[in-house]
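A.B. asks: could you look at this predicted model? Sequence included:
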Amino acid sequence: GRPQGEHLQLLLRRSREAKNCAYCPYSRFPVGAALLTAGGEIFSGCNVENACYSLGVCAERTAIQKAISEGHTSFRAMAIASDMGDQFITPCGACRQVMREFGTDWDIYLTKADGTYIVKRLEELLPLSFGPEDLKK
């Protein structure tokens, strides 16, 4: 199920903390993400830009890659944080597809700079998606 109470607050806080580590000298748009595994571990990530723009990586993918590199492939939730004032941060299309690789039945907490959030299921963020099971058809 969804993280509740202290666990949810920890997930949200870890996304904000990760944002503070962002390397974004070009866009000046820091983003942090915190990924909750099915086993209850949290992996955080930030965006890392590069002078060759296309080599940069988003916070969401950084968190996923860290979790995968530690043997985790089942996820329950992700919180994403940025400094976007009045708008909720949303993952880019590439991140949505990478997230989709690991199922559609998990929660994404989209936050505003003031800490408020909304929750979306990944399947809501990437409807009619293509995933690993489609390669077997």
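C.D. replies: Right, received. Where do you want to start?
A.B. asks: tell me where the chain has helices.
C.D. replies: 5-19, 59-69, 93-100, 122-125 (DSSP state H).
A.B. asks: what's the closest of those helices to Asn47?
C.D. replies: helix 59-69 (4.7 Å; Cβ to Cβ). Backbone N, C-alpha and C define where each C-beta goes, glycine included.
A.B. asks: ok and that closest one relative to helix 93-100, angle-wise?
C.D. replies: Between helix 59-69 and helix 93-100, the angle comes out at 30 degrees (axes from the mean of the first three to the mean of the last three Cα atoms, to 10 degrees).
A.B. asks: next up, the contacts around the spatially most central residue of the chain.
C.D. replies: Of all residues in the chain, the one closest to the mean position by Cα atoms, centre = their mean is Glu60, 3.5 Å from it. The contact partners of Glu60, by Cβ atoms under 8 Å, 6 or more residues apart in numbering, come to Val31, Ala33, Leu35, Gly45, Met78, Ile80, Pro91, Cys95, Val98, Met99.
A.B. asks: with respect to Ala51, which of those residues is nearest?
C.D. replies: When those are compared for distance to Ala51 (Cβ to Cβ), Val31 wins out at 18.5 Å.
A.B. asks: Asn47 is in contact with the closest one, correct?
C.D. replies: Yes. Contact criterion Cβ atoms under 8 Å: Val31 and Asn47 qualify, at 4.6 Å.
A.B. asks: list residues touching both of these two?
C.D. replies: Common contacts of Val31 and Asn47 (Cβ under 8 Å, 6+ apart): Ala22, Cys24, Cys58, Ala59.
A.B. asks: buried sites along stretch 107-125?
C.D. replies: The neighbour-count check on stretch 107-125 (16 or more other Cβ atoms under 10 Å) flags Asp107, Ile108, Tyr109, Leu110, Thr111, Lys112, Ala113, Tyr117, Lys120, Leu122, Leu125 as buried.
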